[in-house]
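Student: Got a predicted structure here, sequence first:
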Amino acid sequence: MLDALSQVSGDGTFTSHVSSKRGRFLAVADQLLSGRVCIASMFMGGTKLSLAIAMRYYSFVAYSSPNVKGVMPRYPASRATVGPKGKSDTAILHYGLQKQALLPLVARTYVLAHGLYVVKDKYKA
C-alpha cells in the first residue's frame, strides 16, 4: 500500500502523490473498506445458505399420496413429527419452538442483507 501512494527513499525522505495527511488516510481506508465489504458479503452468503437449508429441512412435509408415476415417495422419518392424525406427517417447523428459533434469524438476515446492499450501493458510487 505504501508504494501505490507514497515512497520512502534510501536516505529516509518521504514523498507522496497525495499532498494531505487526511487524503492519504482516506485513500488507505478506502482500500480497507472494500475488503470489509467483501468479507461481509461472504458472511451474508453463508448465512443465507445456512438458513435456506434449515428452513427446507424443518418445513418438510411427508405426502401420503403417490407421485405422478404412482410411486409413494420415501422420505426420512427424522424430518417429520407425529401430527394430529397420529402419523409422521407434520413438518417440524409447525412447532412454535422451531418457529421462535428460526424466524427471528430469517428476519434479522433480511434486515442485514438490506443494510449490506445500501453499503454496497454507497461504496459503488
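Tutor: On my side now, so go ahead.

Student: what about the most centrally placed residue in the chain, distance to Gln98?
Tutor: Nearest residue to the geometric centre of the chain (C-alpha atoms, centre = their mean): Met44, 2.0 Å. Look at Met44 and Gln98: by C-beta to C-beta, to the nearest Å, they are 23 Å apart. The way it works is simple: take the backbone N, C-alpha and C, and place the C-beta from them, glycine included.

Student: do Gly35 as well
Tutor: 37 Å.

Student: Same drill for the two, tell me which one is more crowded.
Tutor: Gln98 (16 against 9; other C-beta atoms under 10 Å).

Student: Verify the stated contact: the more buried one with Phe60.
Tutor: No: the pair Gln98 / Phe60 is not scored as a contact, 11.7 Å apart, by C-beta atoms under 8 Å.

Student: which residues do the two both contact?
Tutor: Counting by C-beta atoms under 8 Å, 6 or more residues apart in numbering, the contacts common to Gln98 and Phe60 are Ile92.

Student: now the helices for this structure?
Tutor: Secondary structure of the chain (DSSP state H): helices at 2-5, 21-58, 96-124.

Student: Asp89: which of the ones you listed is closest?
Tutor: helix 21-58 (14.6 Å; C-beta to C-beta).

Student: relative orientation of the closest one and helix 96-124 in degrees?
Tutor: 150 degrees (axes from the mean of the first three to the mean of the last three C-alpha atoms, to 10 degrees).

Student: Buried residues, helix 21-58. List them.
Tutor: Applying a neighbour-count criterion of 16 or more other C-beta atoms under 10 Å, one finds 27-28, 37, 44, 47, 51, 54, 58 buried in helix 21-58.

Student: Give me the below-cutoff pLDDT ranges for the protein.
Tutor: 1-2, 4, 61-79, 125 (pLDDT under 70).
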